[in-house]
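S.K.: Provided below are the primary sequence and the corresponding predicted coordinates.
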Amino acid sequence: MKREIDAFDISENGIKKARKIAEQAGVSVNYFCCDLESFIFEKEYDVILSHGILHLPYKDVRDNFIAKMQTNTKMGGYNVIGIFTNRLPATPDNAPYTHSLFDVGELPDKYKDWEIIHHNEGTFTDSHPGDIHHEHAFERIIAKRIV
């Protein structure tokens, strides 16, 4: 069975990096440049993944995108999401771009009518080039559409 994979990023550089990784793994992906607010789902998916992005746009944009993710997930399909929460403030390097940290527990609340397969919440230490170290608060969820 052939699997179709669609992926988008607001950054052409992000897409270049992803293409290189997919090519090395021998995976075919339909990449395109787009932002969350402009993205239009044109079909339903078995799995929709959003990792490390939904805390960046304003709350109305990210909440609308989550609702579209849910609507465009096939029955029995999955949403896989990783976000930053307000358990800790946004780090100085991310703060100018972070417009809506999730409240702790807000993400699973959005999936109360779905089956929660996995939920994890906590903090982790991260480092960036230039020897920048800081801590992020996160929440991750895997939810299965059952209604």
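M.R.: Cool, the structure landed. Values in this document were obtained by computation on a predicted structure and should not be read as measured data. Numbers count the residues shown, from 1 in each chain.
S.K.: And the helices in the chain?
M.R.: Using DSSP state H, the helices of the chain run over 12-25, 59-71, 106-109.
S.K.: can I get these in JSON lines with distance to F84, mean pLDDT and mean neighbour count?
M.R.: (Glycine included, C-beta is placed from N, CA and C.) Shown next, in JSON lines, are the helices of the chain (distance: least, C-beta to C-beta, whole Å; pLDDT from 0 to 100; neighbours: other C-beta atoms under 10 Å):
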{"stretch": "helix 12-25", "distance to F84": "18", "mean pLDDT": "95", "mean neighbour count": "12"}
{"stretch": "helix 59-71", "distance to F84": "11", "mean pLDDT": "98", "mean neighbour count": "16"}
{"stretch": "helix 106-109", "distance to F84": "11", "mean pLDDT": "97", "mean neighbour count": "16"}
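S.K.: Out of these, which gets nearest to E42?
M.R.: Closest of the helices of the chain to E42 is helix 59-71, at 11.1 Å (criterion: C-beta to C-beta).
S.K.: distance between that closest one and the chain's centre?
M.R.: 11 Å (C-alpha atoms, centre = their mean, to the nearest Å).
S.K.: Contacts for that helix, please.
M.R.: Residues from elsewhere that reach helix 59-71 (C-beta atoms under 8 Å, 6 or more residues apart in numbering): 36-37, 39, 41, 48, 50, 54-57, 79, 81, 99-100, 110-111, 114, 145.
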